[in-house]
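Participant: Pasting the sequence and the predicted coordinates here, then a few questions.
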Protein chains: 2
Amino acid sequence: MQTYIDTYKAMRKRLNAYGYAMWILEWDLETDHPSGAIDYRAEQIEVLSNEIYALETDKKYVKAIDHLYTNLDKISDDLLKREIKKIEKEMRLIKKMPKQEYIDYQVLLSKSTSIWSKARQKDDFECFLPTLEKIITYQRKIVRYLQTPELKGYDVLLDLHEEGMTTKEYDAFFEDLRTELVPFVLTATSGKKPLSRRLTKNVFPLYKQKKFNMYLTDVFKFDLNHGVVRTSNHPFTSNFSSFDVRIATRYIENSIESAIFSTIHEMGHGIYEQNINPALKDTYLAQGSSMGMHESQSRMYENMIGRSFAFWEVHYDYLKDIFDKELKNVSLLEFYQYINRAERSIIRTEADELTYPLHIMVRYEIEKLLISGKLKPKDVAKRWKRLYQQYVGIRPKDDKDGVLQDIHWAAGSFGYFPTYALGSAYAAQIFYAMNKDFNVENAISDNKIEKINTWLKENIHQYGQTKTPKELILLATKEPFNSTYYIEYLKRKFSS
Amino acid sequence: MQTYIDTYKAMRKRLNAYGYAMWILEWDLETDHPSGAIDYRAEQIEVLSNEIYALETDKKYVKAIDHLYTNLDKISDDLLKREIKKIEKEMRLIKKMPKQEYIDYQVLLSKSTSIWSKARQKDDFECFLPTLEKIITYQRKIVRYLQTPELKGYDVLLDLHEEGMTTKEYDAFFEDLRTELVPFVLTATSGKKPLSRRLTKNVFPLYKQKKFNMYLTDVFKFDLNHGVVRTSNHPFTSNFSSFDVRIATRYIENSIESAIFSTIHEMGHGIYEQNINPALKDTYLAQGSSMGMHESQSRMYENMIGRSFAFWEVHYDYLKDIFDKELKNVSLLEFYQYINRAERSIIRTEADELTYPLHIMVRYEIEKLLISGKLKPKDVAKRWKRLYQQYVGIRPKDDKDGVLQDIHWAAGSFGYFPTYALGSAYAAQIFYAMNKDFNVENAISDNKIEKINTWLKENIHQYGQTKTPKELILLATKEPFNSTYYIEYLKRKFSS
């Protein structure tokens, strides 16, 4: 037994180091990497993927995991037990997918986001289509390799991103939201006062935006000693270990809120990762519990803290100091109403809290159809526009801000989007529970976000993947997941 | 024979991919990497260094190189022949240094520049001293492993950076400069007109500096499709292949010239690498010929082009547009005189052309003493100040801008500095030869720097390491290296 454990840990150490290198290579690709070197990079990635593949399929390593998995009951270390369950599940793909296919897919992914990025800049879906087709073909193969009697089709991919969630649960969840929210949205978005043109039609110089965003990292106590905040084309958080957590923000000159709220959102992800117990660092469990749980944190920071009136009562003066000309005569209330306006919009990452799940429903619907084969990739751009009209009530004019707006499909992520909507619902339930322990609004008013960070660290963050999302929800809120907190929260906020 | 060649090429391909990954990890360390993750990173680097070490010392690979080296005359491919000679020389260290020692040294180097950077920020030499001591101990060991009957002591390190150059040649070269330049400097730096306070005592906002620097990349036709320009603590150029060449610039708010000339300098290095024949990409020869040849390019771009009157006749108006307030009433002539003032200064990278070699002499002197053991690392900071007084005529007030100003020793580079002075001398000789083919000043006046890029590409850059610096000098200038062009150039420029 001990020999297998030693073999496992020795290989894990090597694989972690390769994983670290590949992570930095990926970060570099999304930030500094020049486009003319994509092919050269891909050649190197191909070689490195081969090296990693050889390690991951090393007979001794596979045998050790198989042995430990079939003898789980004999492992006394609970953490190791949990880790072996996880890694055995993850290894299934690499065991079943032929080597060359696996390598080819990695090489494809190493180029695909940059092709997407160019296509997006040129508003040219056709230019991205061949790549998308290849990725979907691979996704459908992955489904076939991983399916079990219990999990089939798209459910396989959903489960990969949020354990235990399938089309059955998601269909019900979205149906709930549709029934409760769609009529409510109609009321909430009608009869609005016009917004100040200083907010809606203005230029907010990037260097000023960057200054305020650096201020926000301090307000939220995002640890820059173990983190990075910088600019890229698409906002995202990326980390390897709790020691190195990186946030990329996108700045838009015509929007004062875009960078602010995407930075706060990404800091929610980032603070989660920074708070994971550092003792887990060499294991495979040093990550957030699930995609949905991750999104619950980012959306809580973004919406429930960052868009609260209490928050801007404290920080609006400084924002006005920086944007002295741009925000002249714009009152706190006007600003608050602006950042909390509910409207039918085109861009998911810019969407308000209320209509956000409708954006997700479009993607969920399309993914279901693509994976089942009922929709061809070439028809996605058209379907996207139709579904936006149908669910969000607005039709994108182009593909740049339509089907090309998200990086996820280009990065091979299918089954990920639905966790975004689920995360908002988790967030409402967790926020409600936190309020039983202390007055969260007061913490925000006192500019003590660290009190919130600490509560979340104790009740959720620290555990990493040592607990499932279901276990965490129960532990932190003392009851199972329940979407009513979310619906109540939205109705309360958008009625006032 | 062919089997050995195939083995060699297959291993080279793998090692190139690892080299690429380590290069990105290094770039990341110097740019984005957060300081709190240094230890975690070092653990991963240790594992990866072990992997690379295993490949580099792989018996089949070593045997292939040994076989090819002892049968060089049987290799028909001249490029391969050259490459084998190079790699055999480079392999000597890894063959002679015990494995654990080699790994330990790599781990040390993975942390040392960040320790240096902190020490520099805090102006705390003592905090860097233990690291410096370790590095020098390793350097002295490297000397012992590599010495031959012909090359001993510091000469071993000098030869590693510039083939064929030893203390004998460098002593003579520096003696020449000392004899010719020191008395000249005395005249050139006396009786100067006072400079405008708008140039010497002013604040030049960083966002404006960045704007002008991006303009410069276009003027010099630095290819951003195969390159990156960004900010770091220390200006440097770093690349892997001609497809991905990265420049880091340091911005100083109180200096209008610092970022401009360090960017032009680094673009000189960068354009060299971008111009190397892409057909060499998978070989070990796809790099600049030598450190000195590299520096000849960077210093030619910086000083002979970038500080010329012809250059600023074209570009000064745009600089004034950007710095409309800051440069109000500052004439072109005043600006030109400012950027070409000769004075005794503290920072090497900010030093003028005329006094620059004196900065190098300090470092050369100290390195000689450190490697011979005649000077202890703990006494370096003191000796630095004394030598600055003696050679440069000015005494640094602190260590931050004294012994801690350069990254080189922290990165384990000894024997590198002297090539900087040598490079300036190469540059003058090459510039003189280029002028025989076309009027370089006219190309600058016509804003056609690409003509210069093309000549240098044809006569020097494209060859990479397929030619030695001696061969290149002869090829490009039709005569062997000769320091009189350099001395004449400086005297002519600083007399006028």
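Facilitator: Good, I have the coordinates. Residues are numbered from 1 along each chain as shown, chains lettered A, B, ... in the order given.
Participant: residues in the stretch 1-150 of chain A within reach of chain B, list them.
Facilitator: Those residues of the stretch 1-150 of chain A that sit near chain B, judged by C-beta under 8 Å from any C-beta of the partner chain, are A:13-14, A:16-18, A:20-22, A:24-25, A:27-28, A:31-37, A:39-41, A:43-48, A:51. To be clear about C-beta, it is placed using only N, CA and C from the backbone, and glycine gets the same treatment.
Participant: Mind giving me the PyMOL command for buried ones among the residues you listed?
Facilitator: The buried subset of these, as determined by 16 or more other C-beta atoms under 10 Å in any protein chain shown, is captured in PyMOL by this line:
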select buried, chain A and resi 14+16+17+18+20+21+22+24+25+27+28+31+32+33+34+36+37+40+41+43+44+45+46+47+48+51
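Participant: Nearest to chain B: which residue in the stretch 51-200 of chain A?
Facilitator: Closest approach between the stretch 51-200 of chain A and chain B, counting by C-beta to the nearest C-beta: A:Glu51, at 7.2 Å.
Participant: A:Gly393 touches A:Glu343, doesn't it?
Facilitator: No: A:Gly393 lies out of contact with A:Glu343 (C-beta atoms under 8 Å); the separation is 9.7 Å.
Participant: so where do the strands sit in chain A?
Facilitator: A:227-231, A:236-239, A:245-249 (DSSP state E).
Participant: Looks like the residue of the stretch 51-200 of chain A closest to chain B contacts B:Arg14 (just checking).
Facilitator: Yes: with contacts counted by C-beta under 8 Å, A:Glu51 reaches B:Arg14, the gap being 7.2 Å.
Participant: I'd like the list of the residues of the stretch 1-150 of chain A next to chain B that fall within helices, please.
Facilitator: Within the residues of the stretch 1-150 of chain A next to chain B, residues falling in helices by DSSP state H are A:13-14, A:16-18, A:20-22, A:24-25, A:27-28, A:39-41, A:43-48, A:51.
Participant: mind listing the helices for the stretch 301-450 of chain A?
Facilitator: Applying DSSP state H, counting those that start in this stretch to the stretch 301-450 of chain A gives helices spanning A:309-322, A:332-339, A:356-372, A:380-387, A:417-437, A:440-445, A:449-459.
Participant: Among those, which comes closest to A:Arg82?
Facilitator: helix A:449-459 (18.9 Å; C-beta to C-beta).
Participant: mind giving me CSV with the helices of the stretch 301-450 of chain A and columns for mean pLDDT and distance to chain B?
Facilitator: Formatted as CSV, the helices of the stretch 301-450 of chain A follow (pLDDT from 0 to 100; distance: least, C-beta to the nearest C-beta, whole Å):
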stretch, mean pLDDT, distance to chain B
helix A:309-322, 98, 14
helix A:332-339, 95, 25
helix A:356-372, 95, 30
helix A:380-387, 96, 28
helix A:417-437, 97, 26
helix A:440-445, 98, 25
helix A:449-459, 98, 17
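Participant: Check the burial of the closest residue to A:Leu280 other than its chain neighbours by counting its neighbours.
Facilitator: Of all residues not flanking A:Leu280 in the chain, A:Ala286 sits nearest, at 4.0 Å (C-beta to C-beta, 6 or more residues apart in numbering or on different chains). Number of residues near A:Ala286 (other C-beta atoms under 10 Å in any protein chain shown) recorded here: 22.
Participant: wait, A:Ala286 sits on A:Ile276?
Facilitator: Yes: using C-beta under 8 Å, A:Ala286 and A:Ile276 qualify as a contacting pair, with a distance of 5.5 Å.
Participant: Give the intersection of the neighbour lists for the two.
Facilitator: Counting by C-beta atoms under 8 Å, 6 or more residues apart in numbering or on different chains, the shared contacts of A:Ala286 and A:Ile276 are A:Ser242, A:Gly464.
Participant: what residue ranges in the stretch 101-250 of chain A are flagged as low confidence?
Facilitator: In the predicted model of the stretch 101-250 of chain A, residues A:186, A:189-192 satisfy pLDDT under 70.
Participant: quick one: the helices in it?
Facilitator: Going by DSSP H, counting those that start in this stretch, the stretch 101-250 of chain A shows helices at A:125-146, A:154-161, A:167-188, A:197-200, A:206-219.
Participant: Which among the ones you listed is found nearest to A:Glu365?
Facilitator: Comparing the helices of the stretch 101-250 of chain A under C-beta to C-beta, the one sitting nearest is helix A:167-188, at 9.1 Å.
Participant: Which residues does that closest one contact?
Facilitator: A:153-155, A:158, A:342, A:354-355, A:357-358, A:360-361, A:364, A:368, A:418, A:421-422, A:425, A:483, A:487, A:490-491, A:494-495.
Participant: try 6 Å this time
Facilitator: Under the criterion C-beta atoms under 6 Å, 6 or more residues apart in numbering or on different chains, residues A:Tyr154, A:Asp155, A:Ala342, A:Leu354, A:Pro357, A:Met361, A:Pro418, A:Ser483, A:Ile487, A:Phe494 lie in contact with helix A:167-188.
Participant: Which one (most neighbours) among the residues you listed?
Facilitator: Busiest of those [other C-beta under 10 Å] is A:Pro418, holding 28 neighbours.
Participant: measure that residue to B:Lys81 for me?
Facilitator: With distances taken as C-beta to C-beta, to the nearest Å, A:Pro418 is found 60 Å from B:Lys81.
Participant: Spatially central residue for chain A, please.
Facilitator: Taking C-alpha atoms, centre = their mean, the centroid of chain A lies closest to A:Glu295, which sits 5.7 Å from it.
Participant: Out of the strands of chain A, which is closest to chain B?
Facilitator: Closest among the strands of chain A, once you apply C-beta to the nearest C-beta, is strand A:227-231, at 4.9 Å.
Participant: Check the offset of that closest one from the chain's centre.
Facilitator: 16 Å (C-alpha atoms, centre = their mean, to the nearest Å).
Participant: How about that strand and chain B, touching?
Facilitator: Yes: counting by C-beta under 6 Å from any C-beta of the partner chain, chain B has neighbours in strand A:227-231: A:Gly227, A:Val228.
Participant: Pull up the pairing partners for that strand, direction included.
Facilitator: strand A:245-249 (parallel) (DSSP bridges).
Participant: Just the buried residues of the partner strand, please?
Facilitator: Quick answer for strand A:245-249 (16+ other C-beta under 10 Å): A:Val245, A:Arg246, A:Ile247, A:Ala248, A:Thr249.
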